[in-house]
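Engineer: With the input below, show me the fold.
(one chain, ligands or ions: 1)
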Amino acid sequence: MPWVRFDDQFPIHRKVDGLSDAAYRLHTSAIFWSARNLTDGFLPRGDLDGVTARVRTPARFAAECVKRGTWHDSREPCTSQKCPAPVDGGYPQGWVIHDYWDYQPSKEQVLREREAAARRQKKWRDARNGVSNATNNALLTLPRPAPKGSGTGKPPRARAANGRPSPSGSAAKPRTRSAADRSVAEAIAESTPEGEP
Ligand SMILES: [Zn+2]
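Structural biologist: Numbering: from 1, shown residues only. Just a heads-up that it's a prediction; the model follows:
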């Protein structure tokens, strides 16, 4: 998405100020259209209707733009350095926004900037991934604390006098809760093999 540039003199420029409202709208819309489509100021005849739906009979106002010198026939030679030069013996039929490169970047410039931006983004992403990989590696090499519940920390289970699980103790609860519901400590305690001190 290239930016479209106008200077603060644009509406009072001699060639632009003299345009009718519809021609002014067509001219400015054409600059936006060309920037979007990267045509370097070239407006193919077949695309004129698509430049703006707001101007009816655009060919009539295209003729007005030519008369005022803001546009010219695409096959007419133009000596301005800021006007896109005809390629391969000339453009197909249509118009050229005269001095388009005076303010708007060329297609080549836009593509070059897009490539540079993509390269910068990739470099930034690679650098960020490098940092997070380094952090992960540092975390993996840290000494790990002994897991809870190992050793002597296991609480004795509540048992009835006959040695069977009591009907009302925590040990007697039916195991219907999911593992996710159990507290971490309880899960660790239950996973410790029976008989461990
Ligand atoms: Zn020109």
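
Engineer: buried residues in stretch 11-19?
Structural biologist: Using 16 or more other Cβ atoms under 10 Å as the burial criterion, the residues of stretch 11-19 that qualify are 16, 19. No exception for glycine: its C-beta is placed from N, CA and C like everyone else's.

Engineer: Just the CA coordinates for it, please, in CSV.
Structural biologist: Only the C-alpha atoms of stretch 11-19 are listed here, as CSV (Å, rounded to 0.1, in the frame of the first residue of the first chain):
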residue,chain,number,x,y,z
PRO,A,11,-5.5,22.6,-5.4
ILE,A,12,-4.3,26.1,-6.4
HIS,A,13,-1.8,24.9,-9.1
ARG,A,14,-2.7,26.7,-12.3
LYS,A,15,-3.5,23.5,-14.2
VAL,A,16,-5.5,22.0,-11.4
ASP,A,17,-7.4,25.1,-10.2
GLY,A,18,-9.0,25.5,-13.6
LEU,A,19,-10.6,22.1,-13.6
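
Engineer: quick one: buried residues of the helix ranked longest in the chain?
Structural biologist: The helix that spans the most residues within the chain, counting by DSSP state H, is helix 107-141. By neighbour count with 16+ other Cβ under 10 Å, helix 107-141 contains the buried residues 107, 110.

Engineer: so what secondary structure elements neighbour that helix?
Structural biologist: Based on contacts counted as 3 or more Cβ pairs under 8 Å, 6 or more residues apart in numbering; DSSP states H and E, there is no element that helix 107-141 packs against.

Engineer: mean confidence score for that helix?
Structural biologist: For helix 107-141, the mean per-residue pLDDT is 87.

Engineer: Also stretch 55-71?
Structural biologist: 97.

Engineer: residues in contact with the closest residue to Asn37 other than its chain neighbours?
Structural biologist: Leaving aside its sequence neighbours, Asn37 sits nearest to Asp47 (Cβ to Cβ, 6 or more residues apart in numbering; 8.0 Å). Shown in contact with Asp47 (Cβ atoms under 8 Å, 6 or more residues apart in numbering): 33, 37, 94.

Engineer: Turn the residues you listed into CSV, columns for neighbour count and secondary structure.
Structural biologist: CSV is the format used below for the contacts of Asp47 (neighbours: other Cβ atoms under 10 Å; DSSP: H, G, I helix; E, B strand; the rest coil):
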residue, neighbour count, secondary structure
Trp33, 19, helix
Asn37, 15, helix
Gly94, 18, strand
